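*Asks:* Generate a structure from the sequence data that follows.
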Amino acid sequence: MNHYAMPGSGRINPAWVNFWILAVFCLSSFSSAAATDKLQVYVVNYPLAYFAERIGGDQVDVQFAAPAGIDPAFWMPDTETIAAYQQADLILLNGADYAQWLTKVSLPQRKLVNTSSLFSQDYITTRDDVTHQHGPGGEHSHTGIAFTTWLDFSQAAMQAEQVAMAIKKLRPAHAEVFTENYQRLQRDLLQLDAQMREITSGKPEFPLLASHPVYQYLARRYGLNLRAVMWEPDTYPDAASWRAFKSLQEVHPARWMLWEDEPMARTRNSLSQSDVKTVVFKPCMNRPARGDFLTVMQANISLLDELFKRPY
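*Replies:* Numbering: from 1, shown residues only. Alright, predicted model coming up:
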């Protein structure tokens, strides 16, 4: 007998049809839910996105919303993006007053994790009354707490640990995998730390300049003899900036300047006339066009290694 037909009629039994439709719908819904049942993790900068991706693997969906080419520290998300942050399972903060938009919006406190809380007593306070602008981010100064905490790679490892703890708390069934992933990431970060300490330990007096005050934690951890100005890669310094630079050179005769990104050719040529060469050390605040956090930092360190092998 045809099990799908009404007895003796040869017709399809509607009850069976409804049963199979319901079964297919339930299986489809289960598959869809399983595919999307990832921990929704929102972050305020790219280093935290990289840490969360490395630790969480395929169990997390990491969202870093700042557009490419924007400094996330001074970016202001739109209403729709803020709403998305509010709906996240977990919001990873850098701490050290990073992402100033956080003071202007309301986010669920229970979802927030300050990844630098373990070393908050070691934050560096800066004072700089000069205001300037990063693209469309608006005018700002760097007065306050230095926020590129991850450029001290030992601190970056501590931030990654906080990321791992937060993810494990929300997905305890996968805690063992998250721990293994974190341990691999920790080894990578501490290797960067060891390389930097080895490179810089031989020349503690090697004078360096920086185009921007973003290398404070890098300088403190690795003993860099570093002085910063307030220049942008895509803007040629004005006459007053060059006069201040000349005065700085008199007391700090550095021949190399660290830049967040490649400066204008005109700026580079003018620096060359002052016997100063440029080297790019990218803080990697935003997602790089190529590679990832680890490969960018490895490239940075490789350039510094070559630099420190040169005479003053």
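*Asks:* which residues of the stretch 51-200 of the chain fall in strands?
*Replies:* Counting by DSSP state E, counting those that start in this stretch, the stretch 51-200 of the chain has strands at residues 60-64, 90-93, 112-114, 125-126, 132-133, 139-140, 144-145.
*Asks:* what's the longest helix in the protein?
*Replies:* For the chain, the longest helix by residue count, based on DSSP state H, is helix 175-201.
*Asks:* For that helix, which residues meet the burial criterion?
*Replies:* For helix 175-201, the neighbour count (16 or more other C-beta atoms under 10 Å) marks 177-178, 181-182, 185-186, 188-189, 192-193, 195-196, 199-200 as buried. All C-beta atoms are positioned from the backbone trio N, CA, C, and that covers glycine.
*Asks:* same thing with stretch 257-272?
*Replies:* Buried residues in stretch 257-272 (16+ other C-beta under 10 Å): Met257, Leu258, Trp259, Glu260, Pro263, Thr267, Arg268, Ser270, Leu271.
*Asks:* now stretch 201-216
*Replies:* So, applying 16+ other C-beta under 10 Å, buried residues of stretch 201-216: Lys203, Phe206, Pro207, Leu208, Leu209, Ala210, Ser211, His212, Pro213, Val214, Tyr215, Gln216.
*Asks:* Which of those residues sits closest to Pro72?
*Replies:* When those are compared for distance to Pro72 (C-beta to C-beta), Val214 wins out at 12.6 Å.
*Asks:* residues in contact with that closest one?
*Replies:* Counting by C-beta atoms under 8 Å, 6 or more residues apart in numbering, Val214 makes contact with His142, Ala146, Thr148, Leu151, Ala228, Glu260, Pro283.
*Asks:* could you pull out the helices for the protein?
*Replies:* Ranges of helices within the chain are 14-36, 46-56, 79-87, 153-170, 175-201, 216-222, 239-251, 265-273, 293-308, based on DSSP H.
*Asks:* and the fourth one with helix 175-201, angle?
*Replies:* Read that as helix 153-170. Interaxial angle of helix 153-170 relative to helix 175-201 (axes from the mean of the first three to the mean of the last three C-alpha atoms, to 10 degrees): 170 degrees.
*Asks:* ok, and for helix 153-170, which residues are buried?
*Replies:* In helix 153-170, counting by 16+ other C-beta under 10 Å, buried: 153-168, 170.
*Asks:* now swap in the third one and tell me
*Replies:* The neighbour-count check on helix 79-87 (16+ other C-beta under 10 Å) flags Thr81, Ile82, Tyr85 as buried.
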